[in-house]
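# Structure for the following, please:
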Amino acid sequence: MRLTLLRMACLATLSLPFVDPAAAGALGGIGVGGVTNLPGQVLGGVNRTTGGLRNELGNTVQTVARDTVGRPADARLFERDASGARVLRRTVLLLAPGLQDLAIAKQLNFEVSRSDHLSSLGLDVVQLRAPSDMNSTTALAVLRKADPSATFDYDHIYDPSGGASVSANSAVGPSIAEHDAVLPREARAGMIDGGIARHHGAFAAAALTTKNVAVDGDSPPTAHGTAIASLLVGREGDFEGYVAGAKLFAADVYGGQPSGGGALEIARALDWLAANNVAVVNVSLAGPANAILERAVALFRARGGIIVAAAGNNGAAGAPFYPASYPGVVGVTSVDAQYHLEVDASRDAQFAALGVDVRAAKIDHGFSRFTGTSFAAPVVSAWLTLLLDRRDPSAAAAALNQLHRDAKPLERSAARFGYLEPPHVSKISARQ
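Reported below is the predicted structural model:
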């Protein structure tokens, strides 16, 4: 009875904010970006790649534009939190739930949508579905008031930090083969992003292990995921990724789903990468602070892993983006070939690297130029992959200290981060 009355009181005192459907459905990369239409692949009546629905004859009758990580726009799935960040509609995440926490949620008519035991991180998360008369903001406030000792948060959505350059004929950046480095024999690179176009020639000889953590099934290829993966391990013609020859473990947190890229998916991805003994993870995604994501990041780092994240493209005066701004996460901002900071790149970072007009693989074939902090992060991820071949807190600290010593100050910037040239792997080390 107490809980029922409490719920009624909360609903009476909390207003339901108006959500602009157009704004709520505004998907796509932060900063430079756009949408892409991918080749059709019809699965179970719904075209998972274009979003088209089939009629009785099996013909696609609808085409939906998708963003660079494969999400079709669907404003009905989203709301906005108080700061304007996109969140899943009527959804709340509960960290480390106890029986009492679940009982309170049930008394308030919340339903458990999903329960995740992330054993490699030692983390439990429950996704709760709010009653139909609540939006996410109201639902979160009701739960926090009824159960103040528990940790609740939105399921925030995270976006890529860049996209295709405005001009494909822009100035070429420094050669990838600037600085020789040695690749450990069992080097493993990690990546949290969208799906990879595995058919691309750049991956013909690459060792790729992929996991769709958003939904069951294979990952649909995405423009952003393909470009980032190529910068790490791609090799075709005169193009060579920064750690070509390393094994790439790539977690797809989008899965072609309209609601892909939530905090819970990123936590699942970190758990999968930890289970595969990946020491360095590239996250070219950005979004708001989130308690569940923060805990997953902290647990991955506590086990000796390093997370390298794009600082985001919110400009010099913009609010910090996450996970790049969490303690211990290696944030990376973007500069051009003349070492000028990218005009809309966020400055909350430890390092700067080439991220303007970077040559990377296109989703269909060939190569194009991309801009954003998304494409600067792989430079730093590559260097750390070369320096750290196992998850170990002491070794991770030593690798980061070495990078800080090697980084060059940017003469044209008053910022405190150092610049790192892209590496080039010259040989395979005999080190076991």
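# Confirm residue 133 sits in a helix?
No. With DSSP: H, G, I helix; E, B strand; the rest coil as the criterion, residue 133 is coil rather than part of a helix.
# Give the next helix or strand downstream of the helix or strand containing residue 101.
Per DSSP states H and E, residue 101 falls inside helix 99-107. Going down the chain from helix 99-107, the next helix or strand is strand 111-118, by DSSP H and E.
# circling back: any buried residues in the helix holding residue 101, and which?
Neighbour-count burial for helix 99-107 flags 101, 102, 104, 105 (criterion: 16 or more other Cβ atoms under 10 Å). To be clear about C-beta, it is placed using only N, CA and C from the backbone, and glycine gets the same treatment.
# what's the answer for stretch 195-209, then?
Neighbour-count burial for stretch 195-209, counted by 16+ other Cβ under 10 Å, picks out 195, 196, 197, 198, 200, 201, 202, 203, 206.
# any idea how far residue 278 is from the second one?
It refers to residue 196. Residue 196 sits 16 Å away from residue 278, taking Cβ to Cβ, to the nearest Å as the criterion.
# Also the fourth one?
Between residue 198 and residue 278 the distance, using Cβ to Cβ, works out to 19 Å.
# In the chain, what helix or strand scores lowest on average pLDDT?
None of the helices or strands of the chain scores lower by mean pLDDT, DSSP states H and E than strand 42-43, at a mean of 26.
# Take the buried residues of stretch 195-209 and keep only those in strands.
Among those, no residue falls in strands (DSSP state E).
# Could you single out the nearest of the residues you listed to residue 322?
Comparing the buried residues of stretch 195-209 against residue 322 with Cβ to Cβ places residue 195 closest, at 22.7 Å.
# Which of the buried residues of stretch 195-209 fall within helices?
Assigned to helices by DSSP state H, none of those qualify.
# what's around the residue nearest to residue 162 when sequence neighbours are not counted, how many residues?
In space, and not counting its chain neighbours, residue 162 is closest to residue 372: 1.3 Å by Cβ to Cβ, 6 or more residues apart in numbering. Counted by other Cβ atoms under 10 Å, the residues lying close to residue 372 total 33.
# how far away is residue 372 from residue 247?
Taking Cβ to Cβ, one finds residue 372 at 26 Å from residue 247.
# which residues of the stretch 51-200 of the chain fall in strands?
Assigned by DSSP state E, counting those that start in this stretch, the strands in the stretch 51-200 of the chain fall at 66-67, 78-80, 86-95, 111-118, 123-129, 151-156, 159-160, 163-164, 179-183, 188-193.
# what about the closest residue to residue 235 other than its chain neighbours, distance to residue 314?
Excluding its sequence neighbours, the residue lying closest to residue 235 (Cβ to Cβ, 6+ apart) is residue 244, at 4.4 Å. The gap separating residue 244 from residue 314 is 32 Å, by Cβ to Cβ.
# Kindly report the same for residue 383.
Between residue 383 and residue 314 the distance is 25 Å, computed by Cβ to Cβ.
# How about residue 95?
26 Å.
# quick one: low-confidence ranges for the protein?
Counting by pLDDT under 70, the ranges of the chain that qualify are 1-64, 166-182, 184, 411-415, 425-432.
# Can you give me the domain assignment for it?
Domain assignment for the chain by automatic domain parsing gives 2-14+75-155, 159-428.
# so which of the ones you listed is the most packed in?
Highest mean neighbour count of these: domain 159-428, a mean of 22 (counted as mean count of other Cβ atoms under 10 Å).
# next one: that domain to chain centre, how far?
9 Å (Cα atoms, centre = their mean, to the nearest Å).
# Now residue 384: which helix or strand?
Using DSSP H and E, residue 384 falls in helix 377-387.
# Can you name the next helix or strand after that helix?
Using DSSP H and E, the helix or strand that follows helix 377-387 in sequence is helix 393-406.
# what angle sits between that following helix and helix 377-387?
Relative orientation of helix 393-406 versus helix 377-387 (axes from the mean of the first three to the mean of the last three Cα atoms, to 10 degrees): 120 degrees.
# following helix 393-406, which helix or strand comes up?
Using DSSP H and E, the helix or strand that follows helix 393-406 in sequence is strand 408-409.
# can you list the residues that contact the very next helix or strand once past that next one?
Remark: after strand 408-409, the chain's next helix or strand is strand 418-419, criterion DSSP H and E. For strand 418-419, contacts defined as Cβ atoms under 8 Å, 6 or more residues apart in numbering pick out 335, 339, 350, 351, 352, 353, 404, 406, 407, 408, 409, 410.
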